[in-house]
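>>> what's the 3D shape of this:
(chains A and B, ligands or ions: 2)
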Amino acid sequence: MQGLAVTDLSASYRKNNVLEDVSFELPQGSLTGIVGPNGAGKSTLLKTMLELHPKLSGTVTFAGAPLSKMRRKIGYVPQRGSVDWDFPTDALDVVLMGLYGAVGWLKRPKAGHRQQALQALAQMGMADYADRQISQLSGGQQQRVFLARALVQDAELYFMDEPLAGVDAATEQAIMTTLRELKGRGKSVMVVHHDLQTVEDYFDHVLLLNRRVMNYGETAEIFTKDNVYRTYGAGLRWRKEVPS
Amino acid sequence: MSYTAWILLTAALVGLSCGMIGVLLILRRMAMMADAISHTVLLGIVVAFLVTRELSGYHMLIGAVIAGLLTSVLIQWLQSRGVQGEASIGVVFTTLFAVGVILIATQVGNAHLDVKHALMGEITFVPWTTVRLPWIGDIPEATLILSAVLLIVVVAIIAFYKEWKITSFDPALAASLGIPVIVMHYAFMSLLSITTVAAFDAVGAIMVVAMLITPAAAAYLWTDRLSVMFGLSGGFGVGSAVAGYYIASWLDTSISGSMAFATGVVFLLSFLMSPKHGLISRYVTVPARKKATSER
Ligand SMILES: Nc1ncnc2c1ncn2[C@@H]1O[C@H](COP(=O)(O)OP(=O)(O)O)[C@@H](O)[C@H]1O
Ligand SMILES: [Mg+2]
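Ligands and ions are numbered 1, 2, ... in the order given. Model prediction:
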């Protein structure tokens, strides 16, 4: 099935080109890792596809339709550090935000919405923390709240920015279980990922990015030492076992 | 009503509207914007006066909104051209303020506008300029405008409560859900502008900044709930405004200055005593906190 198709996408911050002619295609139901060095433009790619950052050129479609026409079918998990965790609100409230599009203007979330949000929290092992102020949560718990918020969006396509950065091992496993389950339900998930050791375990597809697309495709084919070196340039310490 | 009652009511309205708008100002990390708007709104008032040759509240509100939007558009534009955030705020508001001051000095003469009045406000003059309303009777114009502005602010906050919350907490998610983050930003700047200009008469451009920022910053220290923060901040604003009036008559000094001073006292007390971030709670409840931390 036709999934996400990006053609010649370019973006910049003022005169500084960050993405140049990014093109790739990913099938529906794929779980894709976006891999590249710091400053490669991974976050910018997600934001540009969502039109949170203006593109200079290019098109982005999902199942043949422009992404901008199907906002409600896209779930976005920003980098954890991009929000103020001292904001006066609790975990349940943050999850409810994922439903604001569905709730609609001038309306308040109803009991049904709260039920959905509680369920998503429970699925992330956070049922006991629903009314905890968000600054009182650990980094891993905050990330679980973000994942629960993505779950209630019930999207077809998910963009997640480093959901596994700085979380404890148990949270990493919980999140991966959730991502695999999403994939099992036919959802397409793109995840910015920083840990080269786990790429092969976690993702069936990879996108190697460094301002341009260095490679993309099935992990087994693409995630080779040569390709990764090319993406990161010199200075990368490769792990001990090298894929063939 | 007596003069004192009108002055107290006006002060309370300033405290309430500034306190509520201040919550969004703090949570959107735009405290600097209060400073900017409070100065550029002066230009809006002067231009409104030059165009209409009238100084009614209604003209001032429109002038203020235009000046406020112009300020935020210019700041946004400079930032998008690579000027550092706070520098662009500083450049824009000082320039627009200077234009306002020059216009007053050269074009307005000493009609009704003088810079000192605009900067310092004079709440004791408020009861002197009245308008007649059906059923209610004579009411000071400043009080009437403040009531209307408070109504607009409260309705806007309640009607779009969840939109304010999400665009303040996580604008990227809000935008990805299709909530018009930019429109909300300019709507907020408009609310801030009308609140500022309505509070001008009472407290002036300098003290309005204290009324906008300090009660909200104090409320932030006390609660983990946004709705409670709105209530507390409004309450602190009213309390400071009323207390400020009595401090001023007791010490026979500037009313607006005393109100700002009272907000400072509220903040200081909150800073020392609040359960969340307070200095005292840090020492008193250390064992309990440690326990909560180790449970995580
Ligand atoms: N708001 C911004 N303004 C200016 N430059 C930015 C901004 N955000 C990111 N950049 C620059 O764009 C490049 C790509 O950033 P980003 O997409 O965050 O990379 P990654 O997520 O891969 O680490 C970096 O060089 C970064 O410095
Ligand atoms: Mg990034």
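
>>> is the residue nearest the centre of chain A in a bridge, and if so with what?
The centroid of chain A falls nearest to A:M160 when counting by CA atoms, centre = their mean (1.1 Å). Beta-bridge pairing for A:M160 (DSSP bridges): A:V77, A:V191.

>>> does the residue located most distally from the centre of chain A count as helix, strand or coil?
The outermost residue of chain A relative to its centre, with distances by CA atoms, centre = their mean, is A:L106 at 29.4 Å. Here A:L106 takes the coil state, with states given by DSSP: H, G, I helix; E, B strand; the rest coil.

>>> quick one: contacts for it?
By CB atoms under 8 Å, 6 or more residues apart in numbering or on different chains, A:L106 lies in contact with B:159-160. The way it works is simple: take the backbone N, C-alpha and C, and place the C-beta from them, glycine included.

>>> repeat that with 7 Å
B:A159 (CB atoms under 7 Å, 6 or more residues apart in numbering or on different chains).

>>> tally of neighbours for residue 223?
You didn't say which chain, so I picked chain A. Other residues near A:F223 come to 21 when the count uses other CB atoms under 10 Å in any protein chain shown.

>>> try again with chain B
Neighbours of B:T223 under the rule other CB under 10 Å: 19.

>>> likewise B:G109?
By other CB under 10 Å, the residues close to B:G109 number 10.

>>> mind giving me the packing neighbours of the top helix by length along chain A?
Under DSSP state H, the helix in chain A containing the largest number of residues is helix A:169-184. Packing partners of helix A:169-184 (3 or more CB pairs under 7 Å, 6 or more residues apart in numbering or on different chains; DSSP states H and E): strand A:31-35, helix A:139-152, strand A:188-192.

>>> ok, B:R225 touching A:P88?
Yes - B:R225 lies in contact with A:P88 (CB atoms under 7 Å); the separation is 5.8 Å.

>>> before we move on, the earlier item: pLDDT wise, what is the residue nearest to the centre of chain A at?
Note on A:M160: pLDDT of 97.

>>> quick one: it and A:E25, what's the gap?
A:M160 sits 19 Å away from A:E25 when distances are taken as CB to CB, to the nearest Å.

>>> strands along chain A, start to end?
Using DSSP state E, the strands of chain A run over A:4-13, A:16-26, A:31-35, A:57-62, A:65-66, A:74-77, A:157-161, A:188-192, A:205-210, A:212-218.

>>> as CSV, those strands with distance to ligand 1 would be great.
Formatted as CSV, the strands of chain A follow (distance: least, CB to the nearest ligand atom, whole Å):
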stretch, distance to ligand 1
strand A:4-13, 3
strand A:16-26, 4
strand A:31-35, 8
strand A:57-62, 16
strand A:65-66, 22
strand A:74-77, 13
strand A:157-161, 7
strand A:188-192, 6
strand A:205-210, 7
strand A:212-218, 13
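
>>> possible to save those strands as TSV with distance to B:S274?
Below are the strands of chain A laid out as TSV (distance: least, CB to CB, whole Å):
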stretch	distance to B:S274
strand A:4-13	39
strand A:16-26	42
strand A:31-35	42
strand A:57-62	47
strand A:65-66	49
strand A:74-77	32
strand A:157-161	34
strand A:188-192	38
strand A:205-210	45
strand A:212-218	51
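
>>> could you give the bridge partners of the nearest residue to A:G36 once chain neighbours are set aside?
Among residues not flanking A:G36 along the chain, A:L209 sits closest, at 3.9 Å (CB to CB, 6 or more residues apart in numbering or on different chains). Legend: beta-bridge partners of A:L209 under DSSP bridges are A:V213.

>>> wait, doesn't A:L209 sit right on A:N38?
No - in this structure, A:L209 is not within contact of A:N38 by CB under 7 Å, at 11.7 Å.

>>> for ligand 1, what are the nearby residues on chain A?
By CB under 6 Å from any ligand atom, the residues of chain A that approach ligand 1 are A:13, A:18, A:36, A:38-44.

>>> adding pLDDT and neighbour count, write these out as a markdown table.
Output for the residues of chain A next to ligand 1, formatted as a markdown table (pLDDT from 0 to 100; neighbours: other CB atoms under 10 Å in any protein chain shown):
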| residue | pLDDT | neighbour count |
| --- | --- | --- |
| A:Y13 | 91 | 12 |
| A:V18 | 95 | 19 |
| A:G36 | 95 | 23 |
| A:N38 | 93 | 7 |
| A:G39 | 93 | 11 |
| A:A40 | 95 | 22 |
| A:G41 | 96 | 24 |
| A:K42 | 97 | 25 |
| A:S43 | 97 | 21 |
| A:T44 | 97 | 21 |
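
>>> tell me which two of the residues you listed sit farthest apart.
Greatest spacing in the residues of chain A next to ligand 1, by CB to CB: A:Y13 and A:G36 (16.8 Å).

>>> that older thread, list the contacts for the residue nearest to the centre of chain A?
Applying CB under 7 Å, 6+ apart, one finds that A:M160 lies in contact with A:77, A:189, A:191-192.

>>> now do A:M190
A:M190 touches A:32, A:34, A:158-159, counting by CB under 7 Å, 6+ apart.

>>> try it again with 10 Å
The neighbours of A:M190, taking CB atoms under 10 Å, 6 or more residues apart in numbering or on different chains as the test, are A:4, A:26, A:30-34, A:42, A:45-46, A:49, A:157-161, A:203, A:205, A:207.

>>> please apply the same query to B:V91.
Here B:V91 is in contact with B:36, B:74-75, B:78, B:83 (CB under 10 Å, 6+ apart).

>>> closest to chain A out of those?
Ranked by distance to chain A (CB to the nearest CB), the contacts of B:V91 are led by B:V83 at 10.9 Å.

>>> quick check: closest non-adjacent residue to that closest one.
Of all residues not flanking B:V83 in the chain, B:V91 sits nearest, at 7.3 Å (CB to CB, 6+ apart).

>>> for the one you found, give its distance to ligand 1.
Look at B:V91 and ligand 1: by CB to the nearest ligand atom, to the nearest Å, they are 19 Å apart.

>>> that residue: which element?
helix B:85-103 (DSSP states H and E).

>>> what's A:L106 sitting at in phi/psi?
When read as degrees, to the nearest 10, the backbone of A:L106 gives phi 60, psi 10.

>>> A:L182 against A:A155, yeah?
Yes - A:L182 is within contact range of A:A155, at 9.0 Å (criterion: CB atoms under 10 Å).

>>> what is in contact with the two at once?
Contact criterion CB under 10 Å, 6+ apart; residues shared by A:L182 and A:A155: A:75, A:188-189.

>>> ok, of the residues you listed, which one's closest to chain B?
Closest to chain B out of the shared contacts of A:L182 and A:A155 is A:G75 (8.1 Å), distances taken as CB to the nearest CB.

>>> thought that closest one was touching A:A120?
No - the pair A:G75 / A:A120 is not scored as a contact, 11.4 Å apart, by CB under 10 Å.

>>> shared neighbours, these two?
Among the neighbours of A:G75, those also in contact with A:A120 (CB under 10 Å, 6+ apart) are A:98, A:147, A:149-154.

>>> quick one: which two of the residues you listed are the most distant?
So, the shared contacts of A:G75 and A:A120 by CB to CB: farthest apart are A:L147 and A:D154, at 13.3 Å.

>>> between these two, which one's more packed in?
Remark: of A:L147 and A:D154, A:L147 carries more neighbours, 26 against 16, as counted by other CB under 10 Å.

>>> before we move on, back to that, tell me which two in the contacts of A:M160 are the farthest apart.
Spanning the widest gap among these are A:V189 and A:V192, at 11.2 Å by CB to CB.

>>> need the overlap of contacts for those two.
A:32-33, A:77, A:159-160, A:163.

>>> kind regards, and thank you for your time.
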